[in-house]
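Student: Sequence and predicted structure are below.
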Amino acid sequence: MILRCVVGALMLGVATANAADGAWGPWPSPKDSPLVAAGFKHDDGGALIVMCDTKAKLMSLGIEEPRASWTAGTPMEVTTKADIGKTNGPSHGVVIAPTRVIVKDDSTWDLSTMGDAQAFFAIGVGGYARIYPTENFRKAVDPVLAACGDHF
């Protein structure tokens, strides 16, 4: 479990530095990593990353919130709301760095809500909220879901 959190933290750190702002797309993984990912990065560095650990067949969500100053190990409630009125949550995440949260077990339900959105969905975590567009979301996330044996 701790190894997965470390890999997730490494994944988020590398990906945040390399991702293009403002579009859903593949997210870089550390070399020799079992992670396949796609994500969206806001222009201020905030990001949402959908990840599959191909060895464990485990889906996760990584959330980067540069405005936050959380304490590692703190449990965090995450809520996902689609523009069609569908809401999921709270899901249960954990802080892995002062500005990073990872959601593991509940992530599938959040992904379902995101996939049902027509134009946008919102993620709320730890007193912060962000809106993400759905344009290209399914196309970018489909390979990640497939890597874990899932689909929309």
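Tutor: Cool, the structure landed.

Student: in stretch 117-131, what's buried?
Tutor: Buried residues in stretch 117-131, counted by 16 or more other Cβ atoms under 10 Å: Ala117, Phe121, Ala122, Ile123, Gly124, Val125, Gly126, Tyr128, Arg130. Backbone N, C-alpha and C define where each C-beta goes, glycine included.

Student: Stretch 71-86 too?
Tutor: Result for stretch 71-86 [16+ other Cβ under 10 Å]: buried residues Met76, Val78, Thr79, Thr80, Lys81, Ala82.

Student: which of those lies closest to Val103?
Tutor: Nearest to Val103 among the buried residues of stretch 71-86, counting by Cβ to Cβ, is Val78 at 5.4 Å.

Student: For the one helix or strand the closest one maps to, what is the distance to the chain centroid?
Tutor: Assigned by DSSP states H and E, Val78 belongs to strand 75-82. Centroid displacement of strand 75-82 relative to its chain, using Cα atoms, centre = their mean, to the nearest Å, is 11 Å.

Student: what's the answer for stretch 124-140, then?
Tutor: 9 Å.

Student: outside of it, which residues touch it?
Tutor: 23-26, 38-40, 42, 46, 48, 63, 65, 67-68, 70, 76-81, 89, 93, 95, 101, 114-115, 117-123, 152 (Cβ atoms under 8 Å, 6 or more residues apart in numbering).

Student: Quick one: mean pLDDT for that stretch?
Tutor: Throughout stretch 124-140, pLDDT has a mean value of 96.

Student: longest strand anywhere in this structure?
Tutor: Counting by DSSP state E, the longest strand found in the chain is strand 87-97.

Student: Just the residues contacting that strand, thanks.
Tutor: 5, 8-9, 12-13, 61, 63, 70-81, 101-107, 109-110, 112-113, 124-126.

Student: Could you list the paired strands of the next helix or strand after it along with their orientation?
Tutor: Following strand 87-97 in sequence order, the next helix or strand is strand 100-103 (DSSP H and E). According to DSSP bridges, strand 100-103 forms sheet pairs with strand 58-64 (antiparallel), strand 87-97 (antiparallel).
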